[in-house]
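Student: after the sequence you'll find the predicted model.
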Amino acid sequence: SYGMYLQYWRGGHRITTNSVTGTHSRAVYIYDCDGLAANRSLIANNMFQTDRAAGYAFYTDACSHGDIYNNSFHTSSTGTANRAFNSNYDNNMRLVNNIMMESGTGYAWYHGGGSSVFTRINHNDYYGNGTNLAYYNFSNRSTFANLKSATGKDTNSLNVDPSFVADDDLHVREITLNEAGTPLALVPTDFDGETRDTLKTDIGADEFEPPAPEDAGIVKYHGPQAPFKSGSQNVEVVLKNFGSDTLTSATIQWTVNGTGQTAHSWTGSLLPGKSDTVNIGSFNFAKVTKHDMVFWSINPNGVADTLNYNDTAKANDVYAALDTTYTVGPSGADFLNFTTAVDVLQKAGILDTVTFKVQSGTYNEQITIGSYAGASSTRPVTFESLSGDSTKVILTHKNTWQKNYIVQLTGADYLRFRNMTFKPTDYYYGH
């Protein structure tokens with residue numbers, strides 16, 4: 001589905017101050033629409049978003065002589081094939097003052113063309129969580145530095161989370177984007193009709209003022225990361241200065257599974273928009289135990305933080321690594337079934353050889369095992385019957401043509417299954 005589909009326009013069209021949100025395969029798709037050298041097309045001050053997996057927020061295809069200025073594009077699903085901005089077979093285009101944010105693991109910008117297509121590229125913000133930030137000039141660009149080097153034009157561009165108000169509200173809260181753009185005569189106002197700064201405009205569709213002089217928050221959990229040993233481990237988070245004043249002090253509070261931990265008093269010197277990785281103390285991580293953690297900051301520079309939307313970060317499903325023999329089954333075992341054991345394996349990773357001893361019984365499950373941290377040929381992971389009798393442990397499932405398996409391996413290495421029976425119950429779809 002499309003939020004907006006335009007094709008075969010000729011001679012300087014204008015697409016400005018529009019909002020398109022929702023579950024679209026392409027929020028906005030523009031095909032074969034050409035401006036003129038003397039009357040270029042303008043796409044400016046728009047907010048385009050889609051929350052559909054494999055969705056594109058903005059897609060230009062076979063267009064020419066277009067100026068893409070001060071827009072905000074966001075793909076907010078967790079898919080791997082998302083593209084905030086996709087450009088394909090275009091010619092003589094300009095890309096300035098735009099935000100391209102990909103919240104999944106796809107591309108912030110995917111450009112299926114050569115380096116000569118965009119004659120001007122600068123003052124953009126590219127942000128994503130995927131293996132590759134962008135695809136440009138027929139190659140993946142894994143990092144922002146790679147992309148800047150490839151374009152040769154992104155001298156003043158950025159790579160920061162714009163901190164949108166919501167997935168589908170692309171007004172900005174990230175102070176780094178304030179006054180980071182370049183003034184453009186064609187875009188004197190913003191999405192809301194507010195006058196843009198004529199000397200130092202903002203990147204994106206929203207011209208905004210920093211929300212408060214004293215404003216800080218925890219932007220993410222930093223560690224320990226899987227795989228890590230059970231027992232006492234230092235806990236680290238990232239503190240960011242969202243305010244317009246230099247941050248010199250703050251208090252970091254945190255809980256684990258709802259239990260308050262000792263607060264950490266941070267001191268230092270953080271300029272607006274800058275971050276610091278902070279060791280906030282230690283915690284005793286139990287084996288085979290889920291840890292849900294919440295972190296937030298208070299009292300930036302000794303005053304009350306009146307803007308709380310950016311204070312808090314969470315880390316859920318944190319497990320210490322597996323490193324020994326565990327039991328699986330309904331009778332007092334470490335894991336109730338294969339599904340829960342695999343789930344923890346993938347979240348915790350391993351630090352040593354791991355064996356899952358499975359109690360006798362029939363397990364009606366369909367399992368997908370992906371990659372896990374710490375995988376090595378020197379420390380295999382084994383699932384085997386506790387009794388040693390393959391007839392005592394039966395893993396069964398009624399498969400379908402869409403999911404034609406009992407156990408599926410998708411990137412998992414060094415796994416062993418021993419002394420078990422795999423028994424599909426469907427005649428046609430049994431593997």
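Tutor: Okay, I see it.
Student: kindly export stretch 180-197 (C-alpha atoms) in CSV.
Tutor: What follows is stretch 180-197 as a C-alpha-only set of coordinates in CSV (Å, rounded to 0.1, in the frame of the first residue of the first chain):
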residue,chain,number,x,y,z
ALA,A,180,23.3,22.1,12.3
GLY,A,181,21.7,22.7,8.9
THR,A,182,22.3,25.3,6.2
PRO,A,183,19.8,28.0,5.3
LEU,A,184,18.0,27.4,2.0
ALA,A,185,16.1,30.2,0.3
LEU,A,186,13.5,27.8,-1.0
VAL,A,187,12.6,26.7,2.6
PRO,A,188,12.0,29.8,4.7
THR,A,189,9.6,28.1,7.1
ASP,A,190,9.3,24.7,8.6
PHE,A,191,6.6,21.9,8.7
ASP,A,192,4.6,23.9,11.3
GLY,A,193,4.9,27.2,9.4
GLU,A,194,7.5,28.6,11.8
THR,A,195,10.2,30.9,10.4
ARG,A,196,13.5,29.2,10.0
ASP,A,197,16.7,30.7,11.3
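Student: now that stretch: buried residues?
Tutor: 180, 181, 184, 187, 190, 191, 196 (16 or more other C-beta atoms under 10 Å). Quick note: C-beta positions are derived from backbone N, CA and C, even for glycine.
Student: identify the bridge partners of residue 409.
Tutor: Using DSSP bridges, the beta-bridge partners of residue 409 come out as residue 369.
Student: my guess is it contacts residue 417, does it?
Tutor: No: Residue 409 is beyond contact range of residue 417, at 10.4 Å (criterion: C-beta atoms under 8 Å).
Student: which one of these two is surrounded by more residues?
Tutor: A count of neighbours by other C-beta atoms under 10 Å puts residue 417 above the other of residue 409 and residue 417, at 16 against 13.
Student: where does the stretch 201-350 of the chain dip in pLDDT?
Tutor: Counting by pLDDT under 70, the stretch 201-350 of the chain contains no low-confidence residues.
Student: where do the strands sit along it?
Tutor: Secondary structure of the stretch 201-350 of the chain (DSSP state E, counting those that start in this stretch): strands at 216-223, 231-241, 247-256, 259-260, 264-270, 275-285, 291-298, 312-318, 325-328.
Student: can I get those in CSV with distance to residue 85 and mean neighbour count?
Tutor: Compiled in CSV, those are given as follows (distance: least, C-beta to C-beta, whole Å; neighbours: other C-beta atoms under 10 Å):
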stretch, distance to residue 85, mean neighbour count
strand 216-223, 24, 21
strand 231-241, 26, 19
strand 247-256, 33, 19
strand 259-260, 43, 8
strand 264-270, 31, 15
strand 275-285, 26, 16
strand 291-298, 32, 20
strand 312-318, 27, 17
strand 325-328, 46, 18
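Student: distance to residue 128 for those - can I get that in TSV?
Tutor: Listed next are these as TSV, based on distance: least, C-beta to C-beta, whole Å:
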stretch	distance to residue 128
strand 216-223	15
strand 231-241	18
strand 247-256	27
strand 259-260	35
strand 264-270	24
strand 275-285	18
strand 291-298	23
strand 312-318	19
strand 325-328	37
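Student: show me where this protein has helices.
Tutor: Using DSSP state H, the helices found in the chain span residues 144-151, 338-348.
Student: of those, which is nearest residue 27?
Tutor: helix 144-151 (22.5 Å; C-beta to C-beta).
Student: how about that closest one: buried residues?
Tutor: Those would be 144, 146, 147, 148, 150, 151, for helix 144-151 by 16+ other C-beta under 10 Å.
Student: got a markdown table for those residues, with pLDDT and distance to residue 282 too?
Tutor: Output for those, formatted as a markdown table (pLDDT from 0 to 100; distance: C-beta to C-beta, whole Å):
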| residue | pLDDT | distance to residue 282 |
| --- | --- | --- |
| 144 | 97 | 33 |
| 146 | 96 | 37 |
| 147 | 96 | 38 |
| 148 | 96 | 39 |
| 150 | 95 | 43 |
| 151 | 95 | 44 |
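Student: of all the residues you listed, which comes closest to residue 35?
Tutor: Distances from residue 35 to the buried residues of helix 144-151, taken by C-beta to C-beta, are shortest for residue 151, at 21.5 Å.
Student: how about the closest one, what does it touch?
Tutor: Shown in contact with residue 151 (C-beta atoms under 8 Å, 6 or more residues apart in numbering): 115, 118, 121, 136.
Student: quick one on the thing from earlier: ok, so of the buried residues of stretch 180-197, who is nearest residue 217?
Tutor: Nearest to residue 217 among those, with distances taken as C-beta to C-beta, is residue 180, at 19.8 Å.
Student: can you give me phi and psi for the closest residue to the closest one other than its chain neighbours?
Tutor: In space, and not counting its chain neighbours, residue 180 is closest to residue 203: 5.1 Å by C-beta to C-beta, 6 or more residues apart in numbering. Dihedral pair for residue 203: phi -80, psi 140, per degrees, to the nearest 10.
Student: from residue 100, how far off is residue 203?
Tutor: Counting by C-beta to C-beta, to the nearest Å, the gap from residue 203 to residue 100 is 10 Å.
Student: could you export the helices of the chain as TSV, including distance to residue 209?
Tutor: Compiled in TSV, the helices of the chain are given as follows (distance: least, C-beta to C-beta, whole Å):
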stretch	distance to residue 209
helix 144-151	26
helix 338-348	41
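Student: between those, which one is nearest to residue 252?
Tutor: Of all these, helix 338-348 comes closest under C-beta to C-beta, at 24.5 Å.
Student: quick one: that closest one to strand 275-285, angle?
Tutor: On the basis of axes from the mean of the first three to the mean of the last three C-alpha atoms, to 10 degrees, helix 338-348 is oriented at 140 degrees to strand 275-285.
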